[in-house]
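Student: Got a predicted model here, sequence first, then my questions.
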Amino acid sequence: MSETKLKLEYGDYQTPADLAIDACRVLERVGIWPKSLVEPTCGVGGFLKSGVEKFLDLEVVRGFEINGRYVDAARQALGCVTTKADTSVEYADFFHTDWAAVVNKLPEPILFLGNPPWVTNAALGSIGGDNLPTKSNFQGHVGLDAITGKGNFDISEYMLIRLSEALQGKNATLAMLCKTAVARKIMAYCWKRGLEMGDCHIFPIDAMRAFGVSVEACLFIGSFNGRGKDRSCLIHKDFSVSEAATGHMGYRDGILISDVDKYERWNFLRGRSRYTWRSGVKHDCAKVMEFTEVDGKLVNGLGESVDFEEAFLYTLLKSSAVAGSMRGGKRKVLVTQKNVGDDTSLIARVAPNTWSYLLAHANLLDKRASIIYRKRPRFCVFGVGEYSFAPWKVVISGFYKKLGFRVVGPDDGRPVMLDDTAYFLSCSSESEARLCADLLNSDEAGGLLSSLIFWDSKRPITVEVLSHISLEKLARHLGREDELLAVTNQADPPCSAQAELFAMSS
Ligand SMILES: C[S@@+](CC[C@H](N)C(=O)[O-])C[C@H]1O[C@@H](n2cnc3c(N)ncnc32)[C@H](O)[C@@H]1O
């Protein structure tokens, strides 16, 4: 394996000395004063050295590292510091270390300090790396979640969860440089399972400056000292501990909250709704399935001009275009099924030219890598159902960095499709869509939603977040309940389920 691949596989980005020193200073200021210091992936020993220099009551110092050269370097680094502590650096593979046994031998308070690899299992897969835990579905995802995006995880996420488990019941602190999204996942993992994780802090760092990578990252601190029962985390502006925290995230009602104060103000708008948020069509083969209109002709992503029946073609609004206008370079998408699992061979009879086109590009479609396409009808797509073909939709892009819901109506009398990074509610009429968009664009809806959204995430807006809002409660709060009832009754014959939902949301 090349040097670059090895560096990536082992997340080999050593922490600059000044950052390690500053992190120790922050720890001291938040009241951490350990007797044991452990660096589980210690590299050349930067954190071991600055920890020993800062925390003068240390009795035991342990470093672990998989790279033999770094073990020597870390031993040397520690050798240069005068300390009364019992110190050692061992060659060890994190995944084969019994962390509970390590922890049990340590005098308390214990500090686990370091910077585990930032690589994801997907990135490791792409370079053929195997620096991975044997059990990768450690969060217990099931069904599609287990085989799609949710099965992807950061190696550091796995490591920090294992350490948090090993530290339960101890007077201990975990302080790690990691992606901010990973820090949130660790807290969520512990809080959801009733594990202790308290006195939490997020201190943002400049990852570009320190490691040359563009990602939101932080020094994450979480403690296991029996004091942190409030499931909250203070968010700081930077390493200046003297300034008040700028935010307060936490865990309430079984969900991770980005702004606890806002959530407490607006959470009365949470609840079930007759409206279900959906994501758009997924096909994983844009070159074949998507087209742009050039001089009245359709051109696919391979640059080929194509001509076949309209039956399975729909106007496509990509997530990136949701914010802008639909004019200029209209896009189309082939939607080969009405429902997931539909037999696609019917296309051969209904639209023979479309079928010939699909067969001519079968080499690309048949090798779509995602496991979701295996053992399914040939040329199938995902994220389709009756809802995809509703004439009116209220749409938002998952990539938005602000809230804004848009009404999308039919194009040439046919429903418009969204891609799988946009989310929508399906509506039967324009008035229903306009009312839903109005409600969702209100300050009140924005209050609740923004208390749940982590804007620094890659895709801040998700179906999970959107699903918390009850349009019925929102309509009632805004005095528009009758309007909502009227448009929904127009859409479907009044049904007891709707009345029931209104009753439930009272
Ligand atoms: C991001 S570097 C940080 C090094 C050091 N903690 C620091 O802060 O400077 C990650 C370190 O983890 C080590 N590492 C990667 N996989 C490991 C494993 N399975 N077991 C132990 N160490 C590992 C790498 O060799 C590398 O030194």
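Tutor: Here it is on my side, so go on.
Student: So whatever residue of the chain ends up closest to the ligand, which state does it fall into?
Tutor: As assessed by CB to the nearest ligand atom, the ligand sits closest to G43 within the chain, at 2.7 Å. (Glycine included, C-beta is placed from N, CA and C.) For G43, the secondary structure call by DSSP: H, G, I helix; E, B strand; the rest coil comes out as coil.
Student: next one: D261
Tutor: Counting by three-state DSSP, the backbone at D261 sits in helix.
Student: any idea of the pLDDT on it?
Tutor: Model confidence at D261, expressed as pLDDT, equals 95.
Student: Secondary structure element for the closest residue to it other than its chain neighbours, which one?
Tutor: The shortest distance from D261 to any non-neighbouring residue, by CB to CB, 6 or more residues apart in numbering, is to H248 (6.4 Å). Counting by DSSP states H and E, the secondary-structure element that holds H248 is strand 247-252.
Student: do the same with W266
Tutor: Judged by DSSP H and E, W266 forms part of helix 260-266.
Student: So which residues lie in contact with that helix, not counting its own?
Tutor: Applying CB atoms under 8 Å, 6 or more residues apart in numbering, the external contacts of helix 260-266 come out as S232, H248, M249, G250, R252, I257, E444, G447, L448, S450, S451, L452.
Student: Please check the residues you listed and keep the buried ones.
Tutor: Neighbour-count burial (16 or more other CB atoms under 10 Å) applied to these gives S232, H248, M249, G250, I257, E444, G447, L448, S450, S451, L452.
Student: before we move on, the earlier item: between all of the contacts of helix 260-266, which two are separated the most?
Tutor: Pairwise distances across these peak at 24.2 Å for S232 and E444 (criterion: CB to CB).
Student: Burial check on the residue nearest to E293 when sequence neighbours are not counted, number of neighbours?
Tutor: Distances taken as CB to CB, 6+ apart place K330 nearest to E293, at 4.6 Å, with adjacent residues excluded. Neighbourhood size, K330 [other CB atoms under 10 Å]: 16.
Student: How about I347?
Tutor: For I347, the count of nearby residues is 26 (other CB under 10 Å).
Student: State the pLDDT value of it.
Tutor: I347 is assigned a pLDDT of 94 by the prediction.
Student: what sits against it?
Tutor: The neighbourhood of I347, defined by CB under 8 Å, 6+ apart, consists of F312, T336, T354, W355, L358, F379.
Student: tell me, which of the residues you listed make contact with the ligand?
Tutor: Among the contacts of I347, no residue sits close to the ligand (CB under 6 Å from any ligand atom).
Student: Buried ones among the residues you listed?
Tutor: F312, T336, T354, W355, L358, F379.
Student: Make sure D438 is indeed in a helix.
Tutor: Yes. Counting by three-state DSSP, one finds D438 located in a helix.
Student: shift numbering so it begins at 50
Tutor: Noted, 50 is the first residue going forward, which turns the last one into D487.
Student: Which residue lies closest in space to it, excluding its sequence neighbours?
Tutor: Ranked by CB to CB, 6+ apart and with sequence neighbours excluded, the top spatial neighbour of D487 is R529, at 7.8 Å.
Student: Over to G275?
Tutor: Closest residue to G275 apart from its sequence neighbours, by CB to CB, 6+ apart: E245 at 7.2 Å.
Student: now that neighbour, what's its secondary structure?
Tutor: Classification of E245 by three-state DSSP places it in coil.
Student: That one touches T222, doesn't it?
Tutor: No. In terms of CB atoms under 8 Å, E245 does not count as a neighbour of T222; the distance is 11.8 Å.
Student: Find the residues that touch each one of these two.
Tutor: Both E245 and T222 are contacted by F273, under the criterion CB under 8 Å, 6+ apart.
Student: Can you tell me the strand partners of the helix or strand that comes right after the strand holding H297 and which way each runs?
Tutor: Proceeding N to C from strand 296-301, the next assigned helix or strand is strand 304-306, under DSSP H and E. In the sheet, strand 304-306 lines up against strand 296-301 (antiparallel) (DSSP bridges).
Student: if we look at the strand it pairs with, which residues are touching it?
Tutor: Residues external to strand 296-301 that are found in contact with it (CB under 8 Å, 6+ apart): 233, 236-237, 240-241, 251, 279-284, 305-310, 312-313, 316, 503.
Student: Now do that strand: distance to the chain's middle.
Tutor: 17 Å (CA atoms, centre = their mean, to the nearest Å).
Student: List the buried residues in stretch 307-324.
Tutor: Of the residues in stretch 307-324, those buried by neighbour count under the rule 16+ other CB under 10 Å are 307-309, 311-312, 315-316, 318-320, 322-324.
Student: cool, stretch 284-304 as well?
Tutor: I284, H285, F288, V290, H297, M298, G299, Y300, I304.
Student: How far does that stretch sit from its chain's centre?
Tutor: In terms of CA atoms, centre = their mean, the gap separating the centre of stretch 284-304 from the centre of its chain is 19 Å.
Student: Using CSV, write out the CA atom coordinates for that stretch.
Tutor: As requested, C-alpha coordinates have been extracted for stretch 284-304 and formatted as CSV (Å, rounded to 0.1, in the frame of the first residue of the first chain):
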residue,chain,number,x,y,z
ILE,A,284,-20.9,24.7,22.9
HIS,A,285,-18.0,27.2,23.1
LYS,A,286,-16.9,29.8,20.6
ASP,A,287,-13.2,28.6,20.7
PHE,A,288,-10.7,27.7,23.3
SER,A,289,-11.3,30.8,25.4
VAL,A,290,-12.9,29.1,28.4
SER,A,291,-13.4,32.4,30.2
GLU,A,292,-16.1,33.5,27.8
ALA,A,293,-19.6,32.2,28.3
ALA,A,294,-20.6,29.3,26.2
THR,A,295,-22.4,30.3,23.0
GLY,A,296,-24.8,27.4,22.8
HIS,A,297,-26.4,24.6,24.7
MET,A,298,-27.3,21.3,23.0
GLY,A,299,-28.8,18.3,24.7
TYR,A,300,-31.1,15.4,24.7
ARG,A,301,-34.8,15.8,25.4
ASP,A,302,-37.8,13.6,24.7
GLY,A,303,-35.6,11.0,23.1
ILE,A,304,-34.0,13.4,20.5
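Student: What average pLDDT does that stretch get?
Tutor: For stretch 284-304, the mean pLDDT works out to 90.
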